[in-house]
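In: A predicted structure for the sequence below; I have some questions about it.
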Amino acid sequence: MSGPGVQPLVLGIETSCDETGVGVVRGASLLADALASSVEEHARFGGVVPEVASRAHLEAMAPTVDRALEQAGVRLAEVDAIAVTAGPGLAGALSVGVAAAKAYALAAGKPLLGVNHLTAHVAVDRLAHGELPAQCVALLVSGGHSSLLAVGDLADPVTELGATVDDAAGEAFDKVARVLGLGFPGGPLIDRAARDGDPEAIAFPRGVVRQRPPSGAAAGNPDGAYSFTFSGLKTAVARWVEARERAGEPVPVPDVAASFQEAVVDVLSARAVAACRDLGIGTLVIGGGVAANSRLRAVAETRCEAAGLTLRTPTPKLCTDNGAMVAALGSLLVERGVTPSRLDIPADPMLPLSLR
Ligand code: KG4
Ligand code: ZN
């Protein structure tokens, strides 16, 4: 990068779960988003098998980097920095990405930027809708996380307002899909099945968290108002399905899918809108794999409009894990002139939000 106003060219590497993602971004413009997924290798286990994911990352890494650079039409020598997800995520999977990023950075003589996966899920929206406002609330819903965050400048630490006290929203989708025999990953399959169902067919519970989560949540989460719980809902669905099967009655899969999805979407969107209102913040960003859910997008749109809020949801492809989100945060950090990471940064499966 040289000269004022030149936007940084950043390569981003993401390996926190089962997607080997490599993105190339110039400033807030997406140049390439290459992805290799091991999801099919996990399907028969009904969940991501960490060791299988790590091995798949190892095999996919170099070809995916090559593909991203080719797609972007740039050479490694031209990039200004290499960003990588340092955590949170699966330890072995993260280690492959972090080791690869260090190797590329060292070999090409480029600065390394370790970034937080959750912040990157928010940062990706700058590729879809331009720069984020000075303050926003982010609802981050994925297979591993369900959090409400107060976000200022993305180069600063993000504050967690609340989170799930048990299952993540995506995890609940995956588990309910298994109960319904739909396959893995469950989110997109439930989304599809629900289109033919009645969301009001079965009144599944909307989990309320009466106590503060034991740790992590910041002050200002009165009575768990910004927290989530999905394990009771998941159990309620399983019990409902079991009762039908015991009675020898067919299970109306579309109705169960639609009613379950409605319970999740209702809680997520209501608490996110409440957080914006309580904090006096006018923009809600929804990110993470579950943000690809068509019903969540529709209900959040309606509720944000009614509350006078601006809703920003990245395109579904940018919601699920990808390398572009890491590059998007990386380029912002270069723009802000942050100090690069040391070459001995660890992959941290529990990386807190206070660390980028
Ligand atoms: O962000 P992501 O790709 O990986 C994690 O960081 O976990 O999210 C994956 C999760 C899975 O649980 C998957 O079932 C869910 O996102 N998901 C969806 C949809 N697409 C993916 N959940 C609901 N509706 C969808 N359309
Ligand atoms: Zn994710």
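Out: Done, it's in. Numbers count the residues shown, from 1 in each chain. Ligands and ions are numbered 1, 2, ... in the order given.
In: helix/strand/coil for the residue in the stretch 101-250 of the chain that ligand 1 sits nearest to?
Out: Proximity of the stretch 101-250 of the chain to ligand 1 (C-beta to the nearest ligand atom) peaks at residue 187, 2.0 Å away. In this view, the C-beta of every residue, glycine as well, is placed from N, C-alpha and C. Judged by DSSP: H, G, I helix; E, B strand; the rest coil, the three-state class of residue 187 is helix.
In: and if you look at the one 4 residues further on?
Out: At residue 191, secondary structure determined by three-state DSSP is helix.
In: hmm, it is touching residue 298, no?
Out: No: assessed by C-beta atoms under 8 Å, residue 191 is found out of contact with residue 298, at 11.1 Å.
In: so which of the two has more stuff around it?
Out: Each of residue 191 and residue 298 has its neighbours counted (other C-beta atoms under 10 Å); residue 191 has more, 21 against 12.
In: got the phi and psi for the one residue in the stretch 151-300 of the chain that gets nearest to ligand 2?
Out: Residue nearest to ligand 2 within the stretch 151-300 of the chain (C-beta to the ion): residue 288, separated by 5.4 Å. For residue 288, the backbone dihedrals are phi 90, psi 160 (criterion: degrees, to the nearest 10).
In: neighbours around it, how many?
Out: With other C-beta under 10 Å as criterion, residue 288 counts 27.
In: list the contacts of it.
Out: Applying C-beta atoms under 8 Å, 6 or more residues apart in numbering to residue 288 gives the contacts 121, 140, 141, 142, 145, 170, 319, 320.
In: count the neighbours of residue 85 for me.
Out: Residue 85: 32 surrounding residues under other C-beta under 10 Å.
In: and if you look at the one 3 residues further on?
Out: The local packing of residue 88 (other C-beta under 10 Å) involves 20 other residues.
In: same thing with the one 10 residues further on?
Out: Residues contacting residue 98 under the criterion other C-beta under 10 Å number 23.
In: follow-up on the earlier one: so can I have JSON lines of the contacts of residue 288 showing secondary structure, pLDDT and neighbour count?
Out: Formatted as JSON lines, the contacts of residue 288 follow (DSSP: H, G, I helix; E, B strand; the rest coil; pLDDT from 0 to 100; neighbours: other C-beta atoms under 10 Å):
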{"residue": "121", "secondary structure": "helix", "pLDDT": "95", "neighbour count": "32"}
{"residue": "140", "secondary structure": "strand", "pLDDT": "96", "neighbour count": "30"}
{"residue": "141", "secondary structure": "strand", "pLDDT": "96", "neighbour count": "31"}
{"residue": "142", "secondary structure": "coil", "pLDDT": "92", "neighbour count": "26"}
{"residue": "145", "secondary structure": "coil", "pLDDT": "88", "neighbour count": "24"}
{"residue": "170", "secondary structure": "helix", "pLDDT": "96", "neighbour count": "26"}
{"residue": "319", "secondary structure": "helix", "pLDDT": "94", "neighbour count": "25"}
{"residue": "320", "secondary structure": "coil", "pLDDT": "93", "neighbour count": "27"}
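In: which of those lies closest to residue 57?
Out: Nearest to residue 57 among the contacts of residue 288, counting by C-beta to C-beta, is residue 320 at 16.0 Å.
In: isn't that closest one up against residue 290?
Out: No: when contacts are counted by C-beta under 8 Å, residue 320 is not listed as touching residue 290 (9.2 Å).
In: what about the residue nearest the centre of the chain, distance to residue 146?
Out: Residue closest to the mean C-alpha point of the chain, counted by C-alpha atoms, centre = their mean, is residue 288 at 2.4 Å. Distance from residue 288 to residue 146, counting by C-beta to C-beta, to the nearest Å: 8 Å.
In: overlap in contacts, those two.
Out: With C-beta under 8 Å, 6+ apart as the test, residue 288 and residue 146 both reach 140, 170.
In: please list the residues of the stretch 251-356 of the chain that sit near ligand 2.
Out: Neighbours of ligand 2 within the stretch 251-356 of the chain, by C-beta under 5 Å from the ion: residue 321.
In: contacts only, for whatever residue of the stretch 251-356 of the chain ends up closest to ligand 2.
Out: Nearest residue of the stretch 251-356 of the chain to ligand 2, counting by C-beta to the ion: residue 321, 4.4 Å away. Counting by C-beta under 8 Å, 6+ apart, residue 321 touches 14, 16, 17, 18, 19, 21, 117, 142, 289.
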